[in-house]
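Enquirer: My questions are about this predicted structure, shown below with the sequence.
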Amino acid sequence: MNEALAPQTTREMSGADAVVDALLKHGLKSLYCLPGIQNDALFVSLFDRRNEIQAVHTRHEQGAAYMALGAALATGKPAAYAVVPGPGVLNTAAALGTAYSAGAKVLCLSGQIPRHAIGKGLGYLHELPDQLGILERLTKWAMRTRAPEDVPADFAEAFAAVRSGRPRPVAIEVPMDVLSRRAEIKAAFVREPDVQPVPEDDSIARAASLLSRAERPLIFVGGGAQDAGLPLRQLAEKLGAPVVAHRMGKGVLDDRHPLSLNLTAGHALWKACDVVLAVGTRMHLPLTQWGSDGELRVIKVDVDRVEMSRGRQPDVALCGEALDVLQRLNDQIRKPVGDRDNRVASSRALKAEIAGKLDLLRPQLDYLRAIRDVLPDNGILVDESTQVGYVSRIAYETRLPRTYLSSGHAGTLGWGFPTALGAQHALPDTPVVSITGDGGFMFNVQELATAAHHKIPLVTVLFNDGAFGNVQRMQRELYGQRVIATDLTNPDFVRMADSFGIDAMRAEGPQALRGALARAIEARRPSLIEVPCRQMPEPWPFLQLPRVRGRSAV
């Protein structure tokens with residue numbers, strides 16, 4: 001039964017009490033946060049309910065938002081953060097934008113100045129001209145709660161929005177006077193998410209027919225396929241269709257499977273493929289850079305109807321949840337079809353060929369293999385915009401869904417460490433490793449204090465080359481050695497981490513990293529491993545690939 005329709009009791013409480021009730025009703029056990037004057041009443045309520053919900057405070061607002069992002073990506077469930085308005089909200093903008101890019105169920109709970117002053121420009125502390133307008137542009141849904149009595153319904157709507165359709169962040173403002181005022185307030189309740197779209201039977205049949213008759217079928221998966229791994233594998237095996245994943249789709253199909261290919265291998269097949277099934281992905285790189293033509297048939301599976309009209313129009317649009325759509329396609333295609341065995345053999349041979357070419361990236365590959373050797377199958381790797389991170393997108397062996405976290409098209413430098421901290425906090429029994437560079441790590445280095453304070457056993461592997469290494473290589477190789485603003489002055493990272501009480505060590509080379517990482521994971525304590533390194537080989541020839549057919553479809 002929809003609890004929104006159930007009889008509801010009322011009791012006198014503050015708006016802040018009602019907010020905490022709503023968070024608990026919707027399954028949250030943690031709130032990533034920083035206190036401040038507009039949210040004082042909220043933190044009083046959190047104190048009173050501290051045995052039911054944990055206030056996980058960080059050292060910067062962006063740390064709180066990134067932790068919520070990591071928790072949401074790692075679990076696939078909603079996570080929330082709370083900050084003061086104005087500079088507090090603005091400090092979380094990069095994390096909100098990344099949550100939008102990565103398809104994460106993040107709830108931003110923002111304080112606000114008193115209701116009577118909003119929009120009047122009176123100069124209240126932390127006032128912004130139009131904070132709600134800013135939030136509306138960084139999320140898929142945002143609103144302001146106007147009275148304590150509105151809290152249960154407003155939060156029910158917020159959580160229904162974050163759980164409906166395409167996963168993306170939402171935001172809700174609660175002014176300080178709404179938080180502090182007491183009233184007779186109904187009990188918190190849950191509103192069912194919106195009904196997801198369901199493709200017509202004839203569309204499913206047309207897609208199944210195209211796939212069954214295809215001579216060179218190809219499947220691309222993105223973040224929208226993370227919960228559809230089993231039917232995806234079953235369908236791929238029936239068709240003998242290679243499955244290409246890049247960043248957000250890694251882990252949907254175990255990389256050890258002969259049909260699981262990286263982006264570079266997908267490019268090698270793009271010119272000749274005749275039917276492409278895109279599941280939960282825009283296929284941005286293939287359609288904008290690799291080219292498209294009239295010989296290519298595209299079937300698109302996406303829960304977001306708007307995606308069907310972006311870029312190239314699909315030949316068959318299947319708007320619905322990936323899990324449901326793929327199960328229905330499997331029902332239509334009951335037995336192996338086409339030249340399945342030869343397709344599997346060809347895919348296996350291509351994997352080996354591409355792996356041989358990737359040997360040019362040996363330093364990065366050796367570090368990634370060291371991590372993979374130690375991290376269990378369900379262990380989570382969080383990438384970063386760094387030299388090893390870029391290569392991980394095509395070379396790190398991901399074995400299970402939601403075990404490789406990436407920032408999507410946002411490409412947010414500095415996101416990795418605090419996001420991994422949130423993933424580790426949300427899944428305390430699952431080993432999580434953050435790979436980062438010295439440049440990006442310093443964006444949120446203050447959250448070492450958060451790891452230590454809350455005893456979060458994240459292992460951070462810090463590759464230190466004393467530079468914004470990727471940009472500096474481009475300056476040297478593409479811009480005539482015009483090296484500017486990329487050399488870095490760093491602290492002694494081991495001593496700094498040790499000063500927080502964090503296990504810290506230095507590992508020279510892949511073998512040393514393997515041993516240090518094994519010890520850190522076994523210890524289950526906050527740990528940092530610094531890996532001194534030099535400039536590494538350029539990964540871009542394997543990631544930014546040329547057009548091989550027709551023209552750009554976008």
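Expert: Okay, I see it.

Enquirer: Can you tell me the centre-most residue of the chain?
Expert: Compute the mean C-alpha point of the chain, and by C-alpha atoms, centre = their mean the closest residue is residue 102, 4.2 Å away.

Enquirer: where in this protein is pLDDT low?
Expert: For the chain, the stretches flagged by pLDDT under 70 are 1-8, 553-554.

Enquirer: Buried residues in the helix ranked longest in it, which are they?
Expert: When secondary structure is assigned using DSSP state H, the longest helix within the chain turns out to be helix 340-357. Buried residues in helix 340-357, defined by neighbour count with 16 or more other C-beta atoms under 10 Å: 343, 344, 346, 347, 350, 351, 354. Glycine gets a C-beta too; all of them are placed from N, C-alpha and C.

Enquirer: what's in contact with the strand or helix carrying residue 134?
Expert: Secondary structure assigned from DSSP states H and E places residue 134 in helix 131-138. Contacts with helix 131-138, where a contact means C-beta atoms under 8 Å, 6 or more residues apart in numbering, come from 85-86, 89-90, 93, 96-97, 100, 108, 110, 112, 128, 142-144, 169, 171, 173.

Enquirer: make it 7 Å
Expert: 85, 89, 93, 96-97, 100, 108, 110, 112, 128, 142, 144, 171, 173 (C-beta atoms under 7 Å, 6 or more residues apart in numbering).

Enquirer: now those residues in CSV, with distance to residue 198, secondary structure and neighbour count?
Expert: Compiled in CSV, the contacts of helix 131-138 are given as follows (distance: C-beta to C-beta, whole Å; DSSP: H, G, I helix; E, B strand; the rest coil; neighbours: other C-beta atoms under 10 Å):
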residue, distance to residue 198, secondary structure, neighbour count
85, 40, coil, 26
89, 37, helix, 26
93, 35, helix, 17
96, 30, helix, 28
97, 31, helix, 19
100, 25, helix, 20
108, 30, strand, 27
110, 35, strand, 26
112, 39, strand, 29
128, 41, coil, 19
142, 28, strand, 22
144, 33, strand, 19
171, 29, strand, 27
173, 34, strand, 25
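
Enquirer: quick check, nearest of those residues to residue 297?
Expert: Here the nearest of the contacts of helix 131-138 to residue 297, counting by C-beta to C-beta, is residue 100; it sits at 30.3 Å.

Enquirer: quick one, strands of the stretch 151-300 of the chain?
Expert: 170-175, 182-186, 217-221, 243-245, 260-261, 275-279, 297-302 (DSSP state E, counting those that start in this stretch).

Enquirer: May I see the buried residues of the second one?
Expert: To tie it back to what came earlier, the one meant is strand 182-186. If you call a residue buried by 16+ other C-beta under 10 Å, then strand 182-186 has these buried ones: 183, 185, 186.

Enquirer: ok, so of those, who is nearest residue 424?
Expert: Using C-beta to C-beta, residue 185 comes nearest to residue 424 of the buried residues of strand 182-186, at 35.2 Å.

Enquirer: In contact with the closest one, which residues?
Expert: Residue 185 makes contact with 10, 11, 13, 18, 148, 149, 151, 152 under the criterion C-beta under 7 Å, 6+ apart.

Enquirer: cool, and residue 54?
Expert: Residues touching residue 54, when contacts are defined by C-beta under 7 Å, 6+ apart, comprise 29, 30.

Enquirer: hmm, 10 Å instead?
Expert: Residue 54 makes contacts with 28, 29, 30, 31, 32, 33, 46, 425, 454, as judged by C-beta atoms under 10 Å, 6 or more residues apart in numbering.

Enquirer: Neighbour-wise, give me the winner out of these.
Expert: residue 32 (32 neighbours; other C-beta atoms under 10 Å).

Enquirer: Kindly state the beta-bridge partners for that residue.
Expert: Beta-bridge partners recorded for residue 32 (DSSP bridges): residue 56, residue 81.

Enquirer: so the residue nearest to residue 89 when sequence neighbours are not counted bridges to which residues?
Expert: Among residues not flanking residue 89 along the chain, residue 110 sits closest, at 5.0 Å (C-beta to C-beta, 6 or more residues apart in numbering). Listed beta-bridge partners, residue 110: residue 83, residue 173 (assigned using DSSP bridges).

Enquirer: ok so, going back, now the helix holding residue 134 and strand 170-175, what's the angle there?
Expert: Using axes from the mean of the first three to the mean of the last three C-alpha atoms, to 10 degrees, the inter-axis angle of helix 131-138 relative to strand 170-175 is 170 degrees.

Enquirer: CA atoms only for helix 131-138, dumped as PDB, please.
Expert: Written as PDB, here are the backbone C-alpha positions of helix 131-138 (Å, rounded to 0.1, in the frame of the first residue of the first chain):
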ATOM      1  CA  GLN A 131      19.800  29.800  -4.400                       C
ATOM      2  CA  LEU A 132      16.900  27.600  -5.400                       C
ATOM      3  CA  GLY A 133      17.400  28.600  -9.000                       C
ATOM      4  CA  ILE A 134      21.000  27.500  -8.700                       C
ATOM      5  CA  LEU A 135      20.000  24.100  -7.300                       C
ATOM      6  CA  GLU A 136      17.300  23.700  -9.900                       C
ATOM      7  CA  ARG A 137      20.100  23.800 -12.600                       C
ATOM      8  CA  LEU A 138      22.300  21.300 -10.800                       C
END
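
Enquirer: Tell me the buried residues in that helix?
Expert: In terms of neighbour count (16+ other C-beta under 10 Å), helix 131-138 has its buried residues at 131, 132, 134, 135, 138.

Enquirer: of those, closest to residue 522?
Expert: Distance from residue 522 was checked for each of these by C-beta to C-beta. The minimum falls on residue 138, at 39.9 Å.

Enquirer: Name all residues that make contact with the residue lying closest to residue 25 once chain neighbours are set aside.
Expert: Closest residue to residue 25 apart from its sequence neighbours, by C-beta to C-beta, 6+ apart: residue 188 at 3.8 Å. Taking C-beta under 10 Å, 6+ apart as the definition of contact, the neighbours of residue 188 are 3, 8, 18-26, 151-153, 155-156.

Enquirer: Just the buried subset of these, written out for PyMOL, thanks.
Expert: Here is the PyMOL command that picks out the buried ones among the contacts of residue 188, judged by 16+ other C-beta under 10 Å:
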select buried, resi 18+19+20+21+22+23+25+26+151+152+153+155+156
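
Enquirer: Can you flag which of the contacts of residue 188 belong to helices?
Expert: Secondary-structure check on these using DSSP H: residues within helices are 18-25, 151-153, 155-156.

Enquirer: Make a markdown table out of those residues and add distance to residue 214.
Expert: Below are the ones in helices among the contacts of residue 188 laid out as a markdown table (distance: C-beta to C-beta, whole Å):
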| residue | distance to residue 214 |
| --- | --- |
| 18 | 55 |
| 19 | 52 |
| 20 | 54 |
| 21 | 53 |
| 22 | 49 |
| 23 | 48 |
| 24 | 50 |
| 25 | 48 |
| 151 | 53 |
| 152 | 51 |
| 153 | 49 |
| 155 | 47 |
| 156 | 45 |
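
Enquirer: Show me which of those residues is closest to residue 497.
Expert: Nearest to residue 497 among the ones in helices among the contacts of residue 188 is residue 23, at 32.4 Å by C-beta to C-beta.

Enquirer: so the closest one sits right up against residue 155, yeah?
Expert: Yes - in this structure residue 23 lies within contact range of residue 155 using C-beta atoms under 10 Å: 7.5 Å.

Enquirer: shared neighbours, the two?
Expert: In contact with both residue 23 and residue 155: 80, 107, 109, 188, using C-beta under 10 Å, 6+ apart.

Enquirer: mind listing what residue 535 touches?
Expert: Taking C-beta under 10 Å, 6+ apart as the definition of contact, the neighbours of residue 535 are 363, 387, 465, 466, 467, 469, 470, 472, 473, 476.

Enquirer: With residue 19 as the reference, measure out to the closest residue to residue 268 other than its chain neighbours.
Expert: Nearest-residue entry for residue 268: residue 350, 6.2 Å, with adjacent residues in sequence omitted and distances by C-beta to C-beta, 6+ apart. Summarising the geometry, the distance separating residue 350 from residue 19, computed by C-beta to C-beta, to the nearest Å, is 53 Å.

Enquirer: same deal with residue 358?
Expert: Using C-beta to C-beta, one obtains 50 Å as the distance from residue 358 to residue 19.
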